[in-house]
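Undergrad: Give the three-dimensional model of this entry:
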Amino acid sequence: MVRTVMTLGTAITIAVLVALPAAAQTPAAPWQSPGFSQPGAAPGQPSQLREDFDRDPVSGWHYSCQHAFVQAGNGRALATRGGGHAIWQAAGPVSDFALKFRYGYEQGAGDVFFRSTETPQGMQFYFLRLEPRQFVLGRRLHAPGGKFPEKNLASAPVQLAPRAWHDVMIQAAGGQIQVSVNGKVVLSASDPQPLRSGPCGLGAVGNSGFVLYDQVMLAPLAQASAGPSGGSVANWP
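TA: Coordinates of the predicted model:
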């Protein structure tokens with residue numbers, strides 16, 4: 001790992017801790033600052049598990065991607081690029097849950113996975129791809145030989161302004177999955193053969209750019225049998 005401080009532009013200072021792939025010999029090129037202000041804390045009581053990336057060491061995460069902790073205002077956010085994910089090991093395997101986070105991008109698309117499960121065909125998991133103009137929810141298979149076939153479950157047009165924060169929430173109860181952006185439900189899907197439980201992670205799609213995450217919160221659904229729309233979230237407003 002390489003710890004450094006970069007100053008970009010006239011008044012933007014970014015403190016980063018970059019995790020590099022084992023084969024890399026030099027740090028990644030400096031990233032342009034997205035110029036975000038630090039998002040404020042969400043109102044109400046915190047969830048059962050929360051991460052804002054503001055304090056060192058940031059523990060409970062495993063990184064299979066290039067990442068940095070980007071200084072913004074009085075706090076920090078997690079920035080990722082280069083494919084792969086920041087895997088939330090401290091969360092353990094998640095089943096019926098609500099995952100909420102603040103998301104922003106300079107360019108490219110985010111990629112969130114959850115319920116990563118080993119199957120006879122290989123590792124399968126749900127993914128939510130956060131593109132600037134649409135969200136895609138589906139299942140992805142990490143098959144032998146480096147193949148990654150996907151099955152889309154739902155997609156919806158979403159207009160996400162760059163260099164701004166957007167509140168995203170994923171709710172999953174059994175095979176019912178629902179996604180909201182800035183308080184509005186944008187897509188929902190039903191999987192007749194759902195993946196039941198597994199880790200979750202946050203990342204970016206390939207080398208298309210870099211994206212940021214902050215105020216990540218995870219809570220179990222208090223009434224999972226009611227489904228995402230009817231269930232309430234424990235300790236969440």
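Undergrad: only C-alpha atoms for contact and neighbour calcs from this point on.
TA: Fine.
Undergrad: what about Arg163, how many neighbours?
TA: Arg163 has 18 neighbouring residues, counting by other Cα atoms under 10 Å.
Undergrad: One more: Ala154?
TA: Residues lying near Ala154 (other Cα under 10 Å) number 16.
Undergrad: How much space separates it from Tyr126?
TA: For Ala154, the distance to Tyr126 (Cα to Cα, to the nearest Å) stands at 11 Å.
Undergrad: Same question for Tyr103.
TA: According to Cα to Cα, Tyr103 and Tyr126 sit 18 Å apart.
Undergrad: next one: Asn182
TA: Here the criterion is Cα to Cα. By it, Asn182 lies 21 Å from Tyr126.
Undergrad: higher neighbour count, the two?
TA: Counted by other Cα under 10 Å, Asn182 and Tyr126 do not tie: Tyr126 has more neighbours, with 25 against 12.
Undergrad: which residues touch the spatially closest residue to the more buried one that is not a sequence neighbour?
TA: Spatial nearest neighbour of Tyr126, chain neighbours left out: Arg139 (4.4 Å); criterion: Cα to Cα, 6 or more residues apart in numbering. Counting by Cα atoms under 8 Å, 6 or more residues apart in numbering, Arg139 touches Gln124, Phe125, Tyr126, Phe127, Glu150, Lys151, Asn152, Leu153.
Undergrad: Now which of those would you call buried?
TA: Buried members of those, scored by 16 or more other Cα atoms under 10 Å, are Gln124, Phe125, Tyr126, Phe127, Glu150, Leu153.
Undergrad: Next step: these restricted to strands.
TA: Those of the buried ones among the contacts of Arg139 mapping onto strands are Gln124, Phe125, Tyr126, Phe127, Glu150, Leu153, per DSSP state E.
Undergrad: any idea which of these is closest to Glu51?
TA: For these, the residue nearest Glu51 by Cα to Cα is Phe127; the value is 20.4 Å.
Undergrad: list the residues that contact both of Ala154 and Tyr126?
TA: Common neighbours of Ala154 and Tyr126, counting by Cα under 8 Å, 6+ apart, are Leu137, Gly138.
Undergrad: Tell me the one of the ones in strands among the buried ones among the contacts of Arg139 nearest Gly203?
TA: Gly203 lies nearest to Phe127 out of those, by Cα to Cα, at 10.5 Å.
Undergrad: Alright, I will stop here.
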